[in-house]
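Asker: Okay, here's the prediction I keep looking at, along with the sequence it came from:
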Amino acid sequence: QVQLVESGGGLVQAGGSLRLSCTASGPTFSSYVVGWFRQAPGKEREFVAGIRWSDGSTYYADSVKVRFTISRHNAKNTVYLQMNSLKPEDTAVYYCAAARSSWLTPQGDSYEYWGQGTQVTVSS
């Protein structure tokens, strides 16, 4: 059983940066893909970025390309989401999710394990 814990959310002004972390307990991420999703009030959950642990391949939503970077730290079994040039529309609860798969997908239903979420608020 994989348990995911996110951290790093907070309040930041527009144009600022935050780094989110997602640390797994239980099995290592070595056979997994890990994704970041977000959900703003009144909106559907949306894919933000994903990484395939085995080869480091990444995939981003168009809305965050260039501004966000997903990366991994093998020894810490942790995935990071570096968020730069934040905008008020990035405000949401951000969730980390993992799937025991090699298929790097933006489809949330394909992910088996989810963290509890961390709030990111960007003020204008």
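Answerer: Perfect, thanks for sending it. Residues are numbered from 1 along each chain as shown.
Asker: can you give me the strands for the chain?
Answerer: 3-7, 10-13, 18-25, 33-39, 46-52, 58-60, 68-73, 78-83, 92-99, 113-114, 118-123 (DSSP state E).
Asker: So which of the ones you listed is nearest residue 106?
Answerer: Nearest to residue 106, of all the strands of the chain, is strand 46-52, at 3.6 Å by C-beta to C-beta. C-beta here means a position set from N, CA and C on the backbone, and glycine is covered the same way.
Asker: That closest one pairs with which strands?
Answerer: strand 33-39 (antiparallel), strand 58-60 (antiparallel) (DSSP bridges).
Asker: how about these in CSV, adding mean neighbour count and mean pLDDT?
Answerer: As requested, the strands paired with strand 46-52 are exported to CSV (neighbours: other C-beta atoms under 10 Å; pLDDT from 0 to 100):
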stretch, mean neighbour count, mean pLDDT
strand 33-39, 24, 97
strand 58-60, 17, 97
